[in-house]
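Chemist: Dropping a prediction and its sequence here:
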Number of protein chains: 2
Amino acid sequence: MSLSDSDELLSVRAAELYYDENLTQDEIGSKLHLTRWKVGRLLAQARQQGIVRIEIVHPRARRVLAERALQQRYGLKDAVVVSSAGVADDSELQRRVAQAAADFLTAMRPAPPTLGVSWGRTMHDVAASLPIGWARGVGVVQINGGLSLTPGGGNAAATAISIAQKAFGSAHVLPIPAILEHAETKRSIERDRAVGSVLDRASKASAYLFSAGVASDDSALVHSGYLTPDEVAVLVGKGAVGDVVGRFIGADGHPVDAELDARTVGLGLAALRAAETAIAVVSGTGKHEVARALVVNGLCTIMITDDHTADALLQQQAEAGATRPAAGAKKGSNALIEEAMA
Amino acid sequence: MSLSDSDELLSVRAAELYYDENLTQDEIGSKLHLTRWKVGRLLAQARQQGIVRIEIVHPRARRVLAERALQQRYGLKDAVVVSSAGVADDSELQRRVAQAAADFLTAMRPAPPTLGVSWGRTMHDVAASLPIGWARGVGVVQINGGLSLTPGGGNAAATAISIAQKAFGSAHVLPIPAILEHAETKRSIERDRAVGSVLDRASKASAYLFSAGVASDDSALVHSGYLTPDEVAVLVGKGAVGDVVGRFIGADGHPVDAELDARTVGLGLAALRAAETAIAVVSGTGKHEVARALVVNGLCTIMITDDHTADALLQQQAEAGATRPAAGAKKGSNALIEEAMA
DNA sequence: CTCCCTGATGCTCATCCGAGCAATAGACGC
DNA sequence: GCGTCTATTGCTCGGATGAGCATCAGGGAG
């Protein structure tokens, strides 16, 4: 601790003169009766101690440090953390994260020939945020069932179709329920030629893009009428932290209810775990736990989220390491900007 | 409007790379396929548009720009605006402002031979924040009556005494009520030799330091039992925005109730208006109106306040000019730092 | 008292960066 | 198409700044 009180006050004063007024370090030096090197050191100290906080306030701003920390901590291939500075409500934040996901997709080089997508509020926003022509000829495959029983917001297939259309590609949808009454029905549906081919295609996708839902009454699966609040409560009792591609998982990243899981149509979690590129888009206070389950258990290789969630994920110091082999400090989507220039 | 959307995104990205990572502009240039000058311009634009916000987070931090703006707008000799960044509640903010006032006093060169002070919660905090030896031999004079009828927090005289003691000086107190029942009583009290001599000394003080109170049930004059909430309500009805040295004033800076004013013991507002150095210490959401009355009507030459109040004072674009002759951009308390080094 | 160690200070030098200027590319009217 | 006008780009140059080093003050241990 070499920070004497007087030095700290000097730091503050120097920082004010440097950043608010903008005097040179030399000028500050003579004003404060210090040498310009001392001033430089005070400023460095002020920045290092966090007295000077530099914040980038913009809907599209990202928190690069948190991104790298996430990447390294959980062995992700990449991470995108959007700043929540100046965000009014949770839904605006979600839109920003969706926007970031769209930016990320757009910047992906090479674009995935086949992209498996889930559905839901977040995915809808991502689709909406994608610019027309974000890629050329991507095949988009819906990876889990979803026939919204409630109106509004378009159904699950619309998301996949929209993403495909904007890339001048083709969509392969699953116009079937997300969860069936009986495991047997599910198996027979999967045996259907059309459905089977889509699922097959899904399992071979070169990349996946999906979101995660909360385990509460607010779940999209409740809103869509597949589950009742009571059923969700039971799942929570069994340790569910949220759902991924329609499957409710616990903190260990595995389904909490084997029976329910057997009735859920779509790609299995193993496929995500094995995927080369699995992009999770998760944001909001309620989703910290699911997000943790995703990264801790290697269910995604790329995490796109907000800074609060990221901070939560980085909170605990030593966690069990991710199941993914660490990808090292491999640099990620720094080609994002290409899009902006195009 | 030369800010195309792509340029804005580039600005954001460049700012991230520059401030979060800290690459040189050159490195950013090659990473983003831009020349380093372009990067420089993007960064300048980002700062100028407020995309990059640099904030100094420290209890003692000041908002120098607001200070200068206040100074120039209202023709003040000086202004101190403390940052409210990271402040939990209003009382913490008040303590910070009091601290700033103490810093300001300490840094005053030359120290005023005689200092007239008022009393109240804020003044108490200022006194408490002053370091022992903040000056040598200042004569402190209480400028308005105040015998707290309620316990706790020490009475009005204690404030003056504390300030004086810490400067190894002498105190001249007014151990009499702030407001009397009858104007006649007030006049006779003023004729008292001891009281008269203090008031005389007060009127000749080389500087004044005072706060201002709200016109509401929360007024110190209500707490001290000099006024009832009903009486204050009547004053508010007459346009009172708050009290200064015990006198309730309207937005025009004049007493709203002549009769009440005639019963109030202490320095008149004219003395403040004429003073070479009149330091007002005002902070808190409820005091914006009083603060405005002070600066608009030249009741102080130096304003020490919080940034919210300052912003409120700077809100309206063209206001009637201050009654004080503009003091120009005369530099103020930049010697503050001497204290820190001593 | 002397020596040595540690941390702070002031300095040199290479780099970084911004102001200002010339060249260039677009935009527009003719 | 052509001239002109303006916004943008890339550059020169000198000041501003940070890294690294020599020096110095102070503070034990012997």
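Modeler: Arrived safely, thanks for sending.
Chemist: Tell me the residues of chain A that contact chain B?
Modeler: A:6, A:8-10, A:12-13, A:15-17, A:19-21, A:31-33, A:46, A:50-58, A:60-65, A:334, A:336-337, A:340-341 (CB under 8 Å from any CB of the partner chain). Where C-beta positions appear, they are placed from N, C-alpha and C, glycine not excepted.
Chemist: Just the buried subset of the residues you listed, please.
Modeler: A:8-10, A:12-13, A:15-17, A:19-20, A:31-32, A:46, A:51-52, A:55-58, A:60-64, A:336-337, A:340 (16 or more other CB atoms under 10 Å in any protein chain shown).
Chemist: So which of these belong to strands?
Modeler: Cross-referencing these against strands under DSSP state E gives A:52, A:55-56.
Chemist: show me what contacts residue A:195?
Modeler: Neighbouring residues of residue A:195 by CB atoms under 8 Å, 6 or more residues apart in numbering or on different chains: A:174, A:176, A:189, A:265.
Chemist: from the stretch 151-300 of chain A, which residue is nearest to DNA strand C?
Modeler: Nearest residue of the stretch 151-300 of chain A to DNA strand C: residue A:166, at 26.7 Å (CB to the nearest atom of the strand).
Chemist: does that residue really touch residue A:131, like I thought?
Modeler: Yes. If you go by CB atoms under 8 Å, residue A:166 and residue A:131 touch, sitting 7.0 Å apart.
Chemist: These two: which is more packed in?
Modeler: Set residue A:166 next to residue A:131 and count neighbours by other CB atoms under 10 Å in any protein chain shown: residue A:166 wins out with 22 against 13.
Chemist: check contacts around whichever residue of the stretch 151-300 of chain A sits closest to chain B.
Modeler: Closest residue of the stretch 151-300 of chain A to chain B, CB to the nearest CB: residue A:166 (17.9 Å). Going by CB under 8 Å, 6+ apart, residue A:166 touches A:127, A:130-134.
Chemist: ok, so of the residues you listed, who is nearest residue A:27?
Modeler: For those, the closest approach to residue A:27 (CB to CB) belongs to residue A:131, at 46.8 Å.
Chemist: For the longest strand seen in chain A, name the packing helices and strands.
Modeler: Ranked by number of residues, the top strand in chain A under DSSP E is strand A:207-214. In terms of contacts (3 or more CB pairs under 8 Å, 6 or more residues apart in numbering or on different chains; DSSP states H and E), strand A:207-214 is packed against strand A:114-117, helix A:121-129, strand A:242-244, helix A:269-274, strand A:278-282, helix A:288-296.
Chemist: Compute the number of surrounding residues for residue A:204.
Modeler: 11.
Chemist: What residues does it make contact with?
Modeler: residue A:114.
Chemist: Return the nearest residue of the stretch 51-200 of chain A with respect to DNA strand C.
Modeler: residue A:54 (13.3 Å).
Chemist: Can you pull the residues of chain A lying near DNA strand D?
Modeler: A:18, A:24-26, A:36-37, A:40, A:43-44 (CB under 7 Å from any atom of the strand).
Chemist: filter those residues by proximity to DNA strand C?
Modeler: Within the residues of chain A next to DNA strand D, those near DNA strand C by CB under 7 Å from any atom of the strand are residue A:37.
Chemist: which one of the residues of chain A next to DNA strand D is nearest DNA strand C?
Modeler: residue A:37 (3.9 Å).
Chemist: Identify each buried residue in the one helix or strand that closest one maps to, please.
Modeler: If you go by DSSP states H and E, residue A:37 is part of helix A:36-49. Of all the residues in helix A:36-49, those buried under the rule 16+ other CB under 10 Å are A:38-43, A:45-47.
Chemist: Stretch A:192-212 too?
Modeler: Here stretch A:192-212 shows A:195, A:198-199, A:201-203, A:205-212 as buried, counting by 16+ other CB under 10 Å.
Chemist: Kindly reformat these as a markdown table containing distance to residue B:217 and pLDDT.
Modeler: Formatted as a markdown table, the buried residues of stretch A:192-212 follow (distance: CB to CB, whole Å; pLDDT from 0 to 100):
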| residue | distance to residue B:217 | pLDDT |
| --- | --- | --- |
| A:195 | 71 | 88 |
| A:198 | 70 | 91 |
| A:199 | 70 | 90 |
| A:201 | 72 | 91 |
| A:202 | 68 | 92 |
| A:203 | 71 | 92 |
| A:205 | 68 | 94 |
| A:206 | 69 | 93 |
| A:207 | 64 | 95 |
| A:208 | 62 | 97 |
| A:209 | 59 | 97 |
| A:210 | 57 | 96 |
| A:211 | 52 | 95 |
| A:212 | 51 | 95 |
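Chemist: Need the buried ones from the contacts of residue A:166 selected in PyMOL.
Modeler: In PyMOL, the members of those classed as buried (16+ other CB under 10 Å) are selected with the following command:
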select buried, chain A and resi 127+130+134
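Chemist: Can you pick out the most distant pair from the contacts of residue A:166?
Modeler: A:127 and A:133 (14.2 Å).
Chemist: Could I get the average pLDDT for stretch A:297-310?
Modeler: Per-residue pLDDT over stretch A:297-310 has a mean of 96.
Chemist: And that stretch, end to end?
Modeler: When the termini of stretch A:297-310 are compared using CA to CA, to the nearest Å, they are 16 Å apart.
Chemist: Stretch A:51-71 too?
Modeler: Termini of stretch A:51-71 sit 27 Å apart (CA to CA).
Chemist: Could you do stretch A:243-255 as well?
Modeler: 9 Å.
Chemist: ok, and for it, which residues are buried?
Modeler: Neighbour counts over stretch A:243-255 (16+ other CB under 10 Å) mark A:243-251, A:253-255 as buried.
Chemist: Helices along the stretch 51-200 of chain A, start to end?
Modeler: A:64-74, A:90-107, A:121-129, A:156-166, A:183-191, A:193-203 (DSSP state H, counting those that start in this stretch).
Chemist: what about the ones you listed, which gets the closest to residue B:72?
Modeler: Nearest of the helices of the stretch 51-200 of chain A (CB to CB): helix A:90-107, 37.1 Å.
Chemist: so what does the closest one touch, helix or strand wise?
Modeler: Packed against helix A:90-107, as judged by 3+ CB pairs under 8 Å, 6+ apart, are the following elements: strand A:78-82, helix A:121-129, strand A:278-282, strand A:302-306, helix A:336-341.
Chemist: Turn the ones you listed into CSV, including distance to DNA strand C.
Modeler: Formatted as CSV, the helices and strands packed on helix A:90-107 follow (distance: least, CB to the nearest atom of the strand, whole Å):
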stretch, distance to DNA strand C
strand A:78-82, 24
helix A:121-129, 27
strand A:278-282, 33
strand A:302-306, 29
helix A:336-341, 14
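Chemist: among these, which gets the worst mean confidence?
Modeler: helix A:336-341 (a mean of 38).
Chemist: list the buried ones in the helix or strand where residue A:28 lies?
Modeler: Applying DSSP H and E as the criterion places residue A:28 in helix A:25-32. Applying a neighbour-count criterion of 16+ other CB under 10 Å, the buried positions in helix A:25-32 are A:25, A:28-29, A:31-32.
Chemist: Return the closest of those with respect to DNA strand C.
Modeler: residue A:29 (8.8 Å).
Chemist: Now for the closest residue to the closest one other than its chain neighbours: which residues touch it?
Modeler: Nearest in space to residue A:29, with sequence neighbours left out and distances taken as CB to CB, 6 or more residues apart in numbering or on different chains, is residue A:36 at 4.3 Å. Taking CB under 8 Å, 6+ apart, we find residue A:36 in contact with A:24-26, A:28-29.
Chemist: Also residue A:51?
Modeler: Contacts of residue A:51 by CB under 8 Å, 6+ apart are A:8, A:11-12, A:15, B:56-58, B:61.
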